[in-house]
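Engineer: Mind folding the following:
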Amino acid sequence: MIVWFVVLFLLVLLQHPFVTYPVSIWMVAKLRGGTARSYPTSPLSIDVVFCAYNEARVIERKLENCLDLKSRFDGLSVHCFSDGSSDRTPEIMESYRDRVDVVLSQARSGKSVGMNTLLSRCNADVVIFTDANSYIEPASIKALERYFADPDIGCVCGHLVHLNPNESATAVASTHYWNLEQVIKNLESQLGTAMGADGALFAIRRRLYSPVPADIIDDMYTSMSIMCKGYKIVQADDFIATERSVTNNSEEFRRKVRIACRAFNCHRLLWPKIRKLSPLVSYMYVSHKLLRWFSGVWLITLAVALMFALGQLSPVYAAIYATGAIALCLLGRARMLGGANIIWTAVLSFVATSLGVWKSLRGERFATWVVASSAR
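Structural biologist: Numbers count the residues shown, from 1 in each chain. Here you go, the predicted structure:
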């Protein structure tokens, strides 16, 4: 009986960030009701910033996208940082120096250092953060005026659209995950504040920026620091960027480990401030962030506990369960069955996230990053 209780408890922990949590905040939002206030808008001065490392395949398109934004909006400037790139990225960026503020670092220092450098060169009301492989929809920039007209909003999260959602099982799983993430952030926004921004696209009030430590993930630290200062983070479905999803499982696994390690380092740094916020914000943060980081631990422990539970009923049940689980993993890894492949991809994602947390707890740091070539 105790083993089955453990199984149920672990199942609740595993599914909560993706099922019962969004349902719970949807219910709270419905009970609260209310209508959003409108504020008079005014033109904003805007700086766009991004860092690049070995992005020769996409950097020209990125810069042209930024120049398109610049041509459409008065007062918009573009700032870019090359983090010790060893391909043609610096050469291509240099050719745009007459229209774009270009910073070329000879040594690798990491994205957080790059962003700190760029922000020190920004003077606009609002700064848009984006990635080198993300392309901002020009028409969506105007939406920022409406959001930042609210003096309580300090950060606006963009809406990311994947250009290749069905290219591979990795892309399918990533797209579904990101779509759910944006739904959750919309619900959180209705309750006051979303739980952090993604580096592909978000915007902040320049005066609220806090320099980011080199080994801390910049998008989470920047957005959550603004929340800790008493300002709102909101999801904006009309502030849009597009990019390719990672299609290779190995690349996605390494990326998840690195991001989780840096994110958990950020959690450890900001937790003393976050835990002083309201009980509702604490519930949203623990549900959205903290429990999700340990999803690999819950999953592996659940699999072992279920084996013991079935073994108590009959060794035959345990053997059938083990055989089925192994077969599903092998079929997924070998890409012999679409559904199994997607499940395998999700399992790897959970494990990679928890491995990143383990590396953080061991004191490991990831200051620099490696480009996921399948997303370019």
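
Engineer: residue boundaries of the strands in this protein?
Structural biologist: Here the chain has its strands, by DSSP state E, at 46-52, 76-83, 101-105, 126-130, 135-136, 153-162, 201-205, 232-243.

Engineer: Lowest average confidence across helices and strands of the chain, where is it?
Structural biologist: helix 315-333 (a mean of 73; mean pLDDT, DSSP states H and E).

Engineer: coming back round to it: mind putting the strands of the chain into JSON lines with mean neighbour count and distance to C266?
Structural biologist: (Glycine included, C-beta is placed from N, CA and C.) Output for these, formatted as JSON lines (neighbours: other Cβ atoms under 10 Å; distance: least, Cβ to Cβ, whole Å):
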{"stretch": "strand 46-52", "mean neighbour count": "25", "distance to C266": "17"}
{"stretch": "strand 76-83", "mean neighbour count": "24", "distance to C266": "19"}
{"stretch": "strand 101-105", "mean neighbour count": "17", "distance to C266": "23"}
{"stretch": "strand 126-130", "mean neighbour count": "25", "distance to C266": "15"}
{"stretch": "strand 135-136", "mean neighbour count": "23", "distance to C266": "25"}
{"stretch": "strand 153-162", "mean neighbour count": "24", "distance to C266": "15"}
{"stretch": "strand 201-205", "mean neighbour count": "25", "distance to C266": "15"}
{"stretch": "strand 232-243", "mean neighbour count": "20", "distance to C266": "14"}
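
Engineer: now these in CSV, with mean pLDDT and distance to E181?
Structural biologist: Below are the strands of the chain laid out as CSV (pLDDT from 0 to 100; distance: least, Cβ to Cβ, whole Å):
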stretch, mean pLDDT, distance to E181
strand 46-52, 97, 21
strand 76-83, 97, 26
strand 101-105, 97, 31
strand 126-130, 98, 17
strand 135-136, 97, 19
strand 153-162, 96, 9
strand 201-205, 98, 13
strand 232-243, 96, 9
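
Engineer: need the contact list for P90.
Structural biologist: S82, L104 (Cβ atoms under 8 Å, 6 or more residues apart in numbering).

Engineer: Kindly report the same for L361.
Structural biologist: Applying Cβ under 8 Å, 6+ apart, the residues contacting L361 are F264.

Engineer: With S354 as the reference, measure out to it.
Structural biologist: 10 Å (Cβ to Cβ, to the nearest Å).

Engineer: And T117, by the same measure?
Structural biologist: 33 Å.

Engineer: surely L191 meets Y283?
Structural biologist: No. Contact criterion Cβ atoms under 8 Å: L191 and Y283 do not qualify, at 9.8 Å.

Engineer: tell me the centre residue of the chain?
Structural biologist: Most central in the chain under Cα atoms, centre = their mean is D198, positioned 3.8 Å from the mean C-alpha point.

Engineer: Tell me who's in contact with the residue nearest to that one when sequence neighbours are not counted.
Structural biologist: In space, and not counting its chain neighbours, D198 is closest to D219: 5.9 Å by Cβ to Cβ, 6 or more residues apart in numbering. Counting by Cβ under 8 Å, 6+ apart, D219 touches F129, G196, A197, D198, G199, F202.

Engineer: Packing partners of the longest helix belonging to the chain?
Structural biologist: The single longest helix within the chain, with elements called by DSSP state H, is helix 249-274. On a contact count with 3 or more Cβ pairs under 8 Å, 6 or more residues apart in numbering; DSSP states H and E, helix 249-274 meets helix 169-190, helix 218-228, helix 279-285, helix 291-293, helix 338-361.
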